[in-house]
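Asks: Here's my sequence, what's the structure:
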Amino acid sequence: MSIKIMVVDEHKIVREGLATLIAKQPNMEIVGEATDGREALDLVEKNTPDLILMDVTMPNLNGIEATRRIKLKNPEIEIIALSLHSERQFVLGMIRAGASGYLIKQCTFDELVLAINTVMEGKNYLSREIANVLVEEYIRKESEEKAIIDSKLTSREIEVLQLLAEGETTKEIANNLSISLKTVEAHIRHTKSKLKAKTEAELTKIAIREGLTSL
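Replies: Okay, the predicted model is just below:
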């Protein structure tokens, strides 16, 4: 059974080129072409594609918003972003909107075919450049979250938080750090307030997440 594909791109030459190449694949067929996101929304209802190759920046309605609306109404339709842009805001926008893949237009047609088949197997596909963008974003967020703890907590509070997450009682923490039990309890109370945690269990989760200790 052929994969029914719709191509959404404002440039006619891109649509026609993709349609010609895709039509040569034994397991794929083109069921529609759209010039922008708004036209794509209309065609989806008529042509019911299995997968959409979606440009990101288009007039009238961009690919991110079009993807969000299509996935909201037709979650079974797979969407692969095919764009000139590899900047963080476009990549994250498409992934958050529901795209299962993201390729830059400089990719080979062989890679596009691989991406289509991969996504139709229920997996995600990102070109190497796009994967790097997401890795960098992950590292950036991790660094920001760690910086929040470092900036909000004193060195002593971080020390108490680590020991607490490692399973020590307040009495054991007090003995290890040579401070009073009341001081330990005060540190824990202040740390909860600063990190907006209600329980010591929540503090432990935060400590593990931020790498202060391991499971």
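Asks: What is the least confident helix or strand in this structure?
Replies: Lowest by mean pLDDT, DSSP states H and E among the helices and strands of the chain is helix 128-152, with a mean of 67.
Asks: could you point out which element follows it?
Replies: Once the chain leaves helix 128-152, the next helix or strand it forms, by DSSP states H and E, is helix 155-165.
Asks: How far does that next one sit from its chain's centre?
Replies: Taking CA atoms, centre = their mean, to the nearest Å, one finds helix 155-165 lying 31 Å from the centre of the chain it belongs to.
Asks: for it, packing partners?
Replies: With contacts defined as 3 or more CB pairs under 8 Å, 6 or more residues apart in numbering; DSSP states H and E, the packing partners of helix 155-165 are helix 170-177, helix 181-195, helix 200-209. From N, CA and C alone the C-beta is placed, and that goes for glycine too.
Asks: of all those helices, which lies closest to Ala34?
Replies: Taking CB to CB as the measure, those were each checked against Ala34, and helix 200-209 came out nearest at 42.2 Å.
Asks: quick one: buried residues of the closest one?
Replies: Of all the residues in helix 200-209, those buried under the rule 16 or more other CB atoms under 10 Å are Leu203, Thr204, Ile206, Ala207.
Asks: quick one, phi psi at Met58?
Replies: In this entry, Met58 is assigned phi and psi values of phi -140, psi 150 (degrees, to the nearest 10).
Asks: List the contacts of it.
Replies: With contact set as CB atoms under 8 Å, 6 or more residues apart in numbering, Met58 has these partners: Val8, Asp9, Glu10, Thr35, Asp36, Gly37, Ala66.
Asks: swap in Val44?
Replies: Contact criterion CB under 8 Å, 6+ apart gives Met6, Ile52, Ile70, Lys73, Asn74, Ile77 as the residues in contact with Val44.
Asks: domain assignment for the chain?
Replies: Here the domain assignment for the chain is 3-134, 153-209, based on automatic domain parsing.
Asks: Need the winner for burial among these.
Replies: Per-residue neighbour counts averaged over each of the domains of the chain give the maximum for domain 3-134, namely a mean of 18 (mean count of other CB atoms under 10 Å).
Asks: before we move on, back to that, quickly check the contacts of Val44 for the two that are furthest apart.
Replies: Comparing the members of those, the greatest separation, given CB to CB, is between Met6 and Lys73, at 14.6 Å.
Asks: how close does Glu39 sit to Asp9?
Replies: When CB to CB, to the nearest Å is the yardstick, Glu39 and Asp9 sit 11 Å from each other.
Asks: no wait, Arg69
Replies: Taking CB to CB as the measure, Arg69 and Asp9 are separated by 18 Å.
Asks: Leu18 now?
Replies: 8 Å.
Asks: Same question for Gly32.
Replies: Counting by CB to CB, the separation of Gly32 from Asp9 is 12 Å.
Asks: Throw the contacts of Val44 into TSV and include distance to Ala23, pLDDT and secondary structure, thanks.
Replies: What follows is these, written out as TSV (distance: CB to CB, whole Å; pLDDT from 0 to 100; DSSP: H, G, I helix; E, B strand; the rest coil):
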residue	distance to Ala23	pLDDT	secondary structure
Met6	13	97	strand
Ile52	16	98	strand
Ile70	23	96	helix
Lys73	27	94	helix
Asn74	23	95	coil
Ile77	20	97	coil
